[in-house]
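**Student:** no sequence on this one, just coordinates:
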C-alpha cells in the first residue's frame with residue numbers, strides 16, 4: 001500500500017519500501033477515468049454551447065440582414081412616392097405641335113416664358129400655364145378648343161397657332177418649365 005498520495009486526486013505514490021498492491025492501481029485508474037470523463041463531458045458541453053452560439057450568431061446576422069433589407073425596401077418605396085421637381089428649358093421651333101420628352105408623366109406642369117409670364121399682359125396671347133393630367137391649358141370657344149399645353153405620358157406637348165393666339169412653341173422663343181414627377 002502507498003504511503004503518499006498526490007495533492008489533487010489523491011493518487012497513490014509509493015516509497016521504495018511500500019508494498020505495491022493491485023487494488024491501489026485499480027483505485028487510481030478509476031479516479032483517472034472519472035476525472036477524464038468529467039473533462040470530456042465538460043468539453044462536449046462547451047463545444048455544443050459554442051456550436052449553439054455560432055448558430056445563434058448566424059441567425060442573428062440573417063435577421064439583421066433581412067431587417068436592413070426591409071428597411072431599405074421601405075425607404076426606397078417612400079422615396080419613389082415622394083414628389084420630385086424637375087426643371088428645364090426649351091426653345092420653340094414654330095411647329096404646330098411638339099412633344100417635350102421628360103421620360104415620365106408629370107403630376108403637374110408649369111410653363112412660363114423667359115420674362116416669367118404665361119400670357120402676355122393686355123393681350124390674348126398665351127405662352128404656357130399650369131397643366132395637370134387630364135386638365136390641359138386651353139382656350140375653349142364656340143369654334144372649338146385650342147390647346148396651349150397638355151400633359152402626356154412621357155412629358156408634355158406645346159402648340160403654336162398665331163391666328164388663335166397660341167404661342168407655347170413660338171419659334172426661337174425661350175421657355176422654362178417646372179414638372180412635378
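**Tutor:** Arrived safely, thanks for sending. Please read all numbers here as calculations on a predicted model, not as lab measurements.
**Student:** switch to C-alpha atoms for all contacts and neighbour counts from now on
**Tutor:** OK.
**Student:** The lengthiest strand in the chain pairs with which strands, parallel or anti?
**Tutor:** Looking across the chain with DSSP state E, the single longest strand is strand 144-152. If you go by DSSP bridges, strand 144-152 pairs up with strand 137-141 (antiparallel), strand 155-161 (antiparallel).
**Student:** got TSV for those, with distance to residue 72, mean pLDDT and mean neighbour count too?
**Tutor:** Converted to TSV, the strands paired with strand 144-152 look like this (distance: least, Cα to Cα, whole Å; pLDDT from 0 to 100; neighbours: other Cα atoms under 10 Å):
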stretch	distance to residue 72	mean pLDDT	mean neighbour count
strand 137-141	39	93	14
strand 155-161	29	98	22
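**Student:** between those, which one is nearest to residue 83?
**Tutor:** With respect to residue 83, and counting by Cα to Cα, the nearest of these is strand 155-161 at 15.6 Å.
**Student:** Would you map the strands across this structure?
**Tutor:** 4-5, 12-13, 85-91, 97-101, 108-113, 129-131, 137-141, 144-152, 155-161, 166-167, 174-180.
**Student:** Name the residues of the fifth one that come out as buried.
**Tutor:** It refers to strand 108-113. Buried residues in strand 108-113, counting neighbours by 16 or more other Cα atoms under 10 Å, are found at 108, 109, 110, 111, 112, 113.
**Student:** returning to that earlier point: sort out which residues of the longest strand of the chain are buried, please.
**Tutor:** Neighbour-count burial for strand 144-152 [16+ other Cα under 10 Å]: 146, 147, 148, 149, 150, 151, 152.
**Student:** how about the strands of the chain in TSV, adding distance to residue 119?
**Tutor:** As requested, these are exported to TSV (distance: least, Cα to Cα, whole Å):
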stretch	distance to residue 119
strand 4-5	113
strand 12-13	114
strand 85-91	17
strand 97-101	18
strand 108-113	8
strand 129-131	8
strand 137-141	11
strand 144-152	11
strand 155-161	14
strand 166-167	9
strand 174-180	12
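**Student:** Show me the contact partners of the longest strand of the chain.
**Tutor:** Strand 144-152 is contacted by residues 105-106, 108-109, 126-129, 131-140, 156-160, 164, 166-168 when judged by Cα atoms under 8 Å, 6 or more residues apart in numbering.
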